[in-house]
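Peer 1: pasting the sequence and the predicted model now:
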Amino acid sequence: MSSRRTLCSNAGLAIAAGVIFAGALLPSAAIADGTRIRNNSGINTIMTGNAVSGSIGGGIAIINNGGPGTLINTTIMNSTVSGNGGDGIVITNTGGVSTVDLSGNAVGNNAANGISITNNSTMNATITNSTISGNSGSGISINNTGSFSGSLRESDLTGNGTGVSLTNTGISFNMDMGTGTSGNAAGNNNFGIDSSTMNAVDVMNNTGTNVSAQSNFWGRSKGPRPGAIVDIGTSTTDASNPLRSRRIR
């Protein structure tokens, strides 16, 4: 991280294809998003070891719009996205088959959601080993109108408006936040460290499906506090087998 370069200190960065983007520092961006990437092909987009802060809009915005059957891979890892005027990381998939890997990121103190994922086609998304805290909206917001599968593990979500917000009106939806169908033996996600860092709501489930959220720490040894999980309609969230203490990563 010490070798990061400062790019476009008063303007954002817009890229029209898949890229490998590493070691950049992008503060005070003056366009809608600090870094915006539009990928209409099967080229991979890899962002690693970057810092994006101070944008008047979102921090990192990636739009995948491949044709039918086009495979698009997006990786954002070991990056810091903080203090932006909108969402921290925005991933939008409007076409093709998208694989998203978000790992080792620190996403905090953004004015809207920490991570916002919208899928209108087919997507598999994994979020691992990340700290998502202090965002005014949801730590993680997922909105699906297509076919979505995803997992969340070994991550800290504290002090957000809502920890995880899930909405589904699509063909299929599967979200594993611990001991679910993707084979996580334990999610080990810390939804709160103590009473001062609690999310207002830990999980908002409006998917019409069962979401597995087993083996997580919920800020207390007894599991989620009353009202911490909100299931809408036929949605259910399985928060059984809670961890009794916070897992130190």
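Peer 2: Received it, and whenever you're ready, just let me know what you need.
Peer 1: need the distance between the two termini of stretch 224-239.
Peer 2: As for stretch 224-239, its first-to-last residue distance stands at 7 Å under the measure CA to CA, to the nearest Å.
Peer 1: got a list of contacts for that stretch?
Peer 2: Residues from elsewhere that reach stretch 224-239, judged by CB atoms under 8 Å, 6 or more residues apart in numbering: 191, 198-199, 201-214, 216, 218-219, 223, 242. All C-beta spots, glycine's among them, are computed from the backbone N, C-alpha and C.
Peer 1: okay, now the unreliable bits of the protein?
Peer 2: 1-34, 36, 40-42, 180-197, 248-249 (pLDDT under 70).
Peer 1: repeat the analysis, applying 50 as the threshold.
Peer 2: Screening the chain residue by residue with the criterion pLDDT under 50, one finds the ranges 1-19, 24, 26-32, 182-187, 193.
Peer 1: what are the bridge partners for the residue most central in space within it, then?
Peer 2: A centroid search over the chain (CA atoms, centre = their mean) returns Ile115, at 3.5 Å, as the residue closest to the centre. Beta-bridge partners for Ile115, by DSSP bridges, are Ile89, Ile140.
Peer 1: can you tell me which of the contacts of stretch 224-239 are in strands?
Peer 2: When DSSP state E defines the strands, the subset of those inside them is 201-206, 210-212.
Peer 1: Leu243 reaches Ala213, doesn't it?
Peer 2: No: with the criterion set as CB atoms under 8 Å, Leu243 and Ala213 do not qualify as a contacting pair; they are 11.5 Å apart.
Peer 1: who has more neighbours out of these two?
Peer 2: Shown here are Leu243 and Ala213; by other CB atoms under 10 Å, Ala213 has more neighbours (30 against 19).
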